[in-house]
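# Structure of the sequence below:
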Amino acid sequence: MSSESVVDRLESWIDPLAPDEAEERDALDAFLTSTLPDGRGEILEHRAEFPEAELRAFAACGLVDALVPEAQGGRLDWARAMRLASRLAAHDLDVTLCLGGTVLGATPLLVAGTQEQLAQYFEPVRRGEMGGLALTEWKHGSDLLAGEARATPRDEHGRAVTLAEATHFMLSGEKSPTNNGTRGANVVVLARTSEDADAFTHTLFLVPRDAVGVLPGRKFSPMGFRNMDLSGVGLSGVTLPASAVVGKVGEGFAHTRQALSISRSGVAHMATGAAAAALGRAAKHVYARKLYGAPIAELGGVADLLATVTGRTVAAHALARVASRAVARFGPEARAWTSAAKLVCPDALEANVHDVGTLLGGRSLFVDDPFSRLRRSAPVLAIFDGSSQLQLDELWRYAGSWPDASPSEAAVRDAARALFDATRVPFDVRAPSDGDALRLVAPTSVLSATSRWLRPLGRAAAHVRERAGASRRATQREKFAVSRAAAELFTLSAISVCRAATDDDVARDVLGAALDEAAAKAGPRLASALLEIDGARVDASVLDLARDLVGLAALGPDARARLGKVVAALA
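Numbering: from 1, shown residues only. This next block holds a predicted model:
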């Protein structure tokens, strides 16, 4: 079964396509067949060649319009666009990463850009040119506020003035590494505009590639994804009018956080597409490979491992879809879901790569096997758009704001179905949204209304919420324990939300098996996390909850048996 077929099956269970989305999917498949056939990605990687012709063809056939807002001539609905990203990543993760840099560069403009800035950025994108986001600096990595690139205020004659008097800015420094650093028609740059020691020290600027003083920086040679343009952007006295400021002066860091809260769901979808490709490779292999006259799929250890991979892939896909649906409806307010998806989905991909590599054996290590490309490229997704450590530092804060409520199953079901409404959602992250609807799909809401045998998860969510609210003075280790537990609970909630949103019996059976498998794996981990979080404060009620959570492991054998039937269908 092809990688795209696995994605089709996952979507049929988790978030079925609307009729017009099927047309877009078919257009993407036609593009893949004609322009990016099997083997082409290997050639590009071997040559370390950017897929220039392929991405221009992607634009020429109109597919790039799915990533462009309506006001700029496109048809952007974030949830639908991410569906295409997942499918493209299932076919070729490396090429998707090259395109992903352009989408990443667009997100600050979606958050805070003017219509003129959006037009400046997206007009070349529709012609097949790239864009980028220059945030990091080699010396400072993820510490964006330590960046040394500067934008000094100037008047129309180039003289130094105060920020309040500025009509122009002069940018100097280097940002690296940057995706599409040497080929983006426009690059959004984060530069220092103040020396104050607070979060208002930096500003975002939309910088045209052809501006005087924009220079190519160092080109990086990564272990995998070798055809990406991962390089530096040099800024040597680049003078820009004040109209190049994205949003407001001093609010660049805030706009960046909002932008990343959107883009992280894109990274999650790239991860789930690639994870589906790994699952498809495994399912095909275990039914074709014979041992002692029978497919190795019939061996108990192989069957169990493949069922685990299947359950993990379904769970990650559900989390990514809920995150992208939430972004489409709620914009940056969905940041808790996107942080969880950014943490969980790349980890799921790397776990799939490891387990599928075990199933494939030695062939998974050979350079001429396409699976080896996935081995090399998969780790980057845990780093892009904020590392896993950064997501752990975010999640404990979000868990503290989960609602303290026990809605009815009907209320949760209605909220889930509203989230998955197939109606196209014109993407405007600045439009007001209904935050109450988002609260109804928070883990404390969803898991308190779940099936009786999974009720310990609802109690665990309430406990994590309480501990997160009291974590501001806790050690980082304790906070990260809260965050890991929160990520587990977001994943379980996502599967439950997807299951509540469907009336299809097959989908409910598959999602039910995936939920039980995820609960069987998560229960003991949650028990350990709660004991670590409470430390010396552990009391009898926590011990009782931990015991109930460990008991969820008993769901595993039956869940894996049911998932085994899913694997057979995939093969």
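
# Every contact and neighbour count from this point should use C-alpha atoms.
Fine.

# Sort out which residues of the lowest-mean-pLDDT helix or strand in the chain are buried, please.
Of all helical and strand segments in the chain, the minimum by mean pLDDT, DSSP states H and E falls on helix 435-439, at a mean of 80. Under the neighbour-count criterion of 16 or more other CA atoms under 10 Å, helix 435-439 has 437-439 buried.

# Work out the gap between it and the centre of the chain.
The chain centroid and the centroid of helix 435-439 are separated by 21 Å under CA atoms, centre = their mean, to the nearest Å.

# next one: stretch 527-537
That offset, for stretch 527-537, works out to 29 Å (CA atoms, centre = their mean).

# got a list of contacts for that stretch?
460, 464, 467, 478-479, 481-482, 484-485, 538, 542-543, 545-547, 549-550 (CA atoms under 8 Å, 6 or more residues apart in numbering).

# mean confidence for that stretch?
Averaging the model's pLDDT scores along stretch 527-537 yields 90.

# for it, which positions count as buried?
Those would be 527-533, for stretch 527-537 by 16+ other CA under 10 Å.

# Mind checking which of those are in helices?
Among those, the residues falling in helices (DSSP state H) are 527-533.

# now those as CSV including distance to residue 6?
Shown next, in CSV, are those (distance: CA to CA, whole Å):
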residue, distance to residue 6
527, 33
528, 34
529, 33
530, 36
531, 38
532, 38
533, 38
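
# Next up, the contacts around the spatially most central residue of the chain.
The residue lying closest to the centre of the chain (CA atoms, centre = their mean) is residue 268, at 2.4 Å. For residue 268, the contacting residues are 320, 338, 341-342, 344-346, by CA under 8 Å, 6+ apart.

# So residue 158 lies in a strand, does it not?
No. With DSSP: H, G, I helix; E, B strand; the rest coil as the criterion, residue 158 is assigned coil and is not in a strand.

# Kindly state the pLDDT recorded for it?
Turning to residue 158, the model gives it a pLDDT of 90.

# Check the burial of it by counting its neighbours.
The tally of other residues near residue 158 (other CA atoms under 10 Å) stands at 14.

# just residue 48 next, same as before
Neighbour count of residue 48, defined by other CA under 10 Å: 17.

# what's the pLDDT at residue 427?
pLDDT for residue 427: 84.

# need the contact list for it.
The contact partners of residue 427, by CA under 8 Å, 6+ apart, come to 69, 76-78, 328.

# before we move on, back to that, tell me the two of the ones in helices among the buried residues of stretch 527-537 that are most distant?
527 and 533 (9.9 Å; CA to CA).

# Now do stretch 9-25: distance to the chain's middle.
19 Å.

# end to end, how far does that stretch reach?
Using CA to CA, to the nearest Å, the end-to-end distance of stretch 9-25 comes out at 13 Å.

# contacting residues around it?
The contact list for stretch 9-25 (CA under 8 Å, 6+ apart) reads 63, 80, 84, 314, 317-318, 321, 420, 422, 498-499, 504, 506-508, 510-511, 570.

# PyMOL command for the buried members of those residues?
The PyMOL command for the buried members of these (criterion: 16+ other CA under 10 Å) is given here:
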select buried, resi 63+80+84+314+317+318+321+420+422+498+499+507+508+510+511+570
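
# Flag every buried residue along the helix or strand hosting residue 287.
Using DSSP states H and E, residue 287 maps to helix 252-288. Residues 252-287 are the ones in helix 252-288 that count as buried (16+ other CA under 10 Å).

# Now that helix: average pLDDT?
On average, helix 252-288 scores 95.

# Out of the contacts of stretch 9-25, which sit inside helices?
Going by DSSP H, the helices hold 80, 84, 314, 317-318, 321, 498-499, 506-508, 510-511, 570 from the contacts of stretch 9-25.

# could those be laid out in JSON lines, adding distance to residue 134?
Below are the ones in helices among the contacts of stretch 9-25 laid out as JSON lines (distance: CA to CA, whole Å):
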{"residue": "80", "distance to residue 134": "26"}
{"residue": "84", "distance to residue 134": "25"}
{"residue": "314", "distance to residue 134": "34"}
{"residue": "317", "distance to residue 134": "29"}
{"residue": "318", "distance to residue 134": "31"}
{"residue": "321", "distance to residue 134": "27"}
{"residue": "498", "distance to residue 134": "36"}
{"residue": "499", "distance to residue 134": "39"}
{"residue": "506", "distance to residue 134": "45"}
{"residue": "507", "distance to residue 134": "42"}
{"residue": "508", "distance to residue 134": "43"}
{"residue": "510", "distance to residue 134": "42"}
{"residue": "511", "distance to residue 134": "40"}
{"residue": "570", "distance to residue 134": "41"}
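
# Specify which member of these is nearest to residue 195.
For the ones in helices among the contacts of stretch 9-25, the nearest to residue 195 is residue 321 (40.7 Å; CA to CA).

# Now do the residue sitting furthest away from the middle of the chain against residue 304, distance only.
Most distant from the centre of the chain: residue 157, at 44.4 Å, with distances by CA atoms, centre = their mean. Residue 157 is 71 Å from residue 304, where distance means CA to CA.

# how about the helices of the stretch 151-300 of the chain, start to end?
For the stretch 151-300 of the chain, the helices defined by DSSP state H, counting those that start in this stretch occupy 252-288, 300-330.

# got it, and the stretch 401-550 of the chain?
409-419, 435-439, 443-448, 456-469, 476-500, 505-534, 540-551.

# quick one: which of those is nearest residue 334?
Relative to residue 334, the nearest member of the helices of the stretch 401-550 of the chain by CA to CA is helix 435-439, separated by 7.8 Å.

# thought residue 407 was touching residue 447?
No. With contact defined as CA atoms under 8 Å, residue 407 does not count as touching residue 447 (9.9 Å).

# Those two: which has the busier surroundings?
Just comparing residue 407 and residue 447: by other CA under 10 Å the higher neighbour count belongs to residue 447, 30 against 16.

# What are the neighbouring residues in contact with the more buried one?
By CA under 8 Å, 6+ apart, the neighbours of residue 447 are 454-455, 457-458, 461, 493, 496.

# what touches both of residue 407 and residue 447?
Residues touching both residue 407 and residue 447 (CA under 8 Å, 6+ apart): none.

# how many other residues sit next to residue 162?
Using other CA under 10 Å, residue 162 has 11 other residues around it.

# Mind picking the two most distant members of the contacts of residue 447?
The most widely separated members of these, counting by CA to CA, are 461 and 496 (13.9 Å).

# Generate the ChimeraX command that creates a selection of the buried members of the contacts of residue 268.
Entered in ChimeraX, the line below selects the buried ones among the contacts of residue 268, by 16+ other CA under 10 Å:
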select :320,338,341,342,344,345,346
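
# Below-threshold pLDDT in the protein: ranges please.
Within the chain, the stretches with pLDDT under 70 are 1, 435.

# domain ranges for it?
For the chain, automatic domain parsing gives the domain ranges 3-130, 131-246.

# And the residue farthest from the centre of the chain, how far from residue 168?
In this view, residue 157 and residue 168 are 9 Å apart by CA to CA.

# do residue 219 as well
With CA to CA as the criterion, residue 219 and residue 168 are 30 Å apart.

# Could you do residue 310 as well?
Using CA to CA, residue 310 is found at 55 Å from residue 168.

# neighbour count winner among those two?
Using other CA under 10 Å, the more surrounded residue of residue 310 and residue 168 is residue 310, with 28 against 25.

# Would you confirm that the more buried one contacts residue 565?
No. In this structure, residue 310 is not within contact of residue 565 by CA under 8 Å, at 10.4 Å.

# Who are the contact partners of the residue lying closest to residue 46 once chain neighbours are set aside?
Spatial nearest neighbour of residue 46, excluding adjacent residues (CA to CA, 6 or more residues apart in numbering): residue 226 at 7.8 Å. Applying CA under 8 Å, 6+ apart, one finds that residue 226 lies in contact with 45-46, 48-49, 94.
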